[in-house]
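Chemist: here is my input, please return the structure:
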Amino acid sequence: MARWVEAGEAELVSAPASGLLATAEAGDFDLIFASHVLFNSGAIIDDLERLAALARPEGPWVVIDGYHGFMAIETDLSAIADRIFYVSRAGINMRWRGRASASSTRPRALRPGRW
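Modeler: Prediction:
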């Protein structure tokens, strides 16, 4: 996103976790990108349904970065899965070997013949 801003392709409006929803609702955005769990503070955006209510096919698109919440907090996206993009990846929280991606490998406990 920083590169888009540097190139003059985008305008970035940042908001703290406590003001994210109000900022998103008050603005006229093409894209709303938010972390589900913020790395530095551990703050959780817990009202994803309110954020998803802003999403429209023509914009704004709502993208939730779920990386720091993966396997750390229970997340049920069934009510909003048709309106948002939720991106994440497997990593140290899953104790996977190899590259940190959901498709790279399976935990040892799930490999056939190894229980």
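Chemist: least trustworthy helix or strand in the protein by mean pLDDT?
Modeler: strand 84-87 (a mean of 87; mean pLDDT, DSSP states H and E).
Chemist: and the pLDDT at the nearest residue to Arg50 once chain neighbours are set aside?
Modeler: In this structure, Arg50 finds its nearest non-sequential neighbour in Leu21, 5.6 Å apart by C-beta to C-beta, 6 or more residues apart in numbering. Every residue, glycine included, has its C-beta placed from N, CA and C. We have a pLDDT of 92 for Leu21.
Chemist: which helices and strands does whichever helix or strand Leu21 is part of pack with?
Modeler: In this assignment (DSSP states H and E), Leu21 forms part of helix 20-26. Here helix 20-26 touches strand 31-35, helix 48-52, going by 3 or more C-beta pairs under 8 Å, 6 or more residues apart in numbering; DSSP states H and E.
Chemist: ok, residues contacting that helix?
Modeler: Contacts to helix 20-26, defined as C-beta atoms under 8 Å, 6 or more residues apart in numbering, come from residues Val13, Ala15, Ile32, Ala34, Ile45, Asp47, Arg50, Leu51, Leu54, Pro60.
Chemist: so who does the residue nearest to the spatial centre of the chain touch?
Modeler: The chain has Asp65 as the residue nearest its centroid, 1.6 Å off, counting by C-alpha atoms, centre = their mean. Residues near Asp65 by C-beta under 8 Å, 6+ apart: Phe33, Ala34, Ser35, His36, Val87, Ser88.
Chemist: and these as TSV, adding distance to Ala26 and neighbour count?
Modeler: Converted to TSV, those look like this (distance: C-beta to C-beta, whole Å; neighbours: other C-beta atoms under 10 Å):
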residue	distance to Ala26	neighbour count
Phe33	16	16
Ala34	15	18
Ser35	20	19
His36	21	23
Val87	25	12
Ser88	28	17
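Chemist: tell me the contacts of the nearest residue to Ala17 once chain neighbours are set aside?
Modeler: Of all residues not flanking Ala17 in the chain, Ala43 sits nearest, at 3.9 Å (C-beta to C-beta, 6+ apart). If you count contacts by C-beta under 8 Å, 6+ apart, Ala43 has them with Ala17, Ser18, Val37.
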